[in-house]
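Student: Next input, structure requested:
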Amino acid sequence: MRPAVRATLILAPLFLIGLLLYAGAPAVLSHLGTVLIEDDDGPGIHGDAILVLAGDPKGERIMKACELASAGVAPVVLVSGPYEMYGQSEADLAISYAVSHGCPSNLFQACKLTAHSTMEEAKAFLPELRRRNIHNLILVTSNYHTARAGRIFRSVMKNNPDIRVVSVNDSMFNAEHWWQDRESRKTWLLEMTKTVTSLAGM
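Tutor: Residues are numbered from 1 along each chain as shown. Here you go, the predicted structure:
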């Protein structure tokens, strides 16, 4: 067999595979973005409390919680506050932001705790949720954080309370086209790294 024919027989299938992969790349990449997301929001969702997870300086999470509570989804919004910013608790700052944007202050309760990760946050909240006799909890967090947060809280809570997760569209992460802008790529890489290390028990 002549070298040119042999090369063609080898390269043609590789070219075809590459073409198929290139054509399907957007669908594959989009799936890699949406796999980070869990969203149980919808008609009929109800809980004993809503828990807003820490880590959102833009106020998108607490405003979604306000929307849910105002619609009667749960009677109280617990606001996680493991960090201080300029001498004030993150929870207090989040509540002040929500109230200044029209949310009733009586919806919120600040929960000041010590935590440096989602796992530590879940462990810190476990006794507090048991003390409050909460059996159905709604977690509110940014879209890219939902699937990992849901897994972690369920592993810690052992189905008591039952966990539902509500996704908040985050301006820093476009799940369906995350590879097309720098902030979404950074967010995806960081969250995927945390997801893999979390699944590995690290």
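Student: centroid residue for this structure?
Tutor: His145 (2.0 Å; C-alpha atoms, centre = their mean).
Student: Might you report the residue contacts of the closest residue in space to Ser155 that isn't next to it in sequence?
Tutor: Spatially, and ignoring its direct neighbours in sequence, Ser155 is nearest to Ala122 (7.9 Å; C-beta to C-beta, 6 or more residues apart in numbering). All C-beta atoms are positioned from the backbone trio N, CA, C, and that covers glycine. Contacts for Ala122 (C-beta atoms under 8 Å, 6 or more residues apart in numbering) come out as 152-153, 155-157.
Student: where do the strands sit along this structure?
Tutor: In the chain, the strands defined using DSSP state E lie at 49-52, 77-81, 84-85, 88-89, 108-112, 136-142, 162-168.
Student: Any regions of this protein where pLDDT drops low?
Tutor: Residues of the chain meeting the criterion pLDDT under 70: 1-24, 202.
Student: what's the neighbour count on Lys158?
Tutor: By other C-beta atoms under 10 Å, the residues close to Lys158 number 8.
Student: Same list, the strands of the chain, but as CSV with distance to Pro26 and mean neighbour count please.
Tutor: CSV is the format used below for the strands of the chain (distance: least, C-beta to C-beta, whole Å; neighbours: other C-beta atoms under 10 Å):
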stretch, distance to Pro26, mean neighbour count
strand 49-52, 33, 26
strand 77-81, 36, 26
strand 84-85, 39, 12
strand 88-89, 42, 16
strand 108-112, 41, 18
strand 136-142, 23, 25
strand 162-168, 22, 22
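Student: Just grab the bridge partners of Phe108 for me.
Tutor: Beta bridges link Phe108 to Val77, judged by DSSP bridges.
Student: That one and Ala74 touch, don't they?
Tutor: No: counting by C-beta atoms under 8 Å, Phe108 does not reach Ala74; the two are 11.7 Å apart.
Student: The closest residue to His135 other than its chain neighbours - how many residues pack around it?
Tutor: Excluding its sequence neighbours, the residue lying closest to His135 (C-beta to C-beta, 6+ apart) is Pro161, at 5.0 Å. The number of residues packed around Pro161, counting by other C-beta under 10 Å, is 23.
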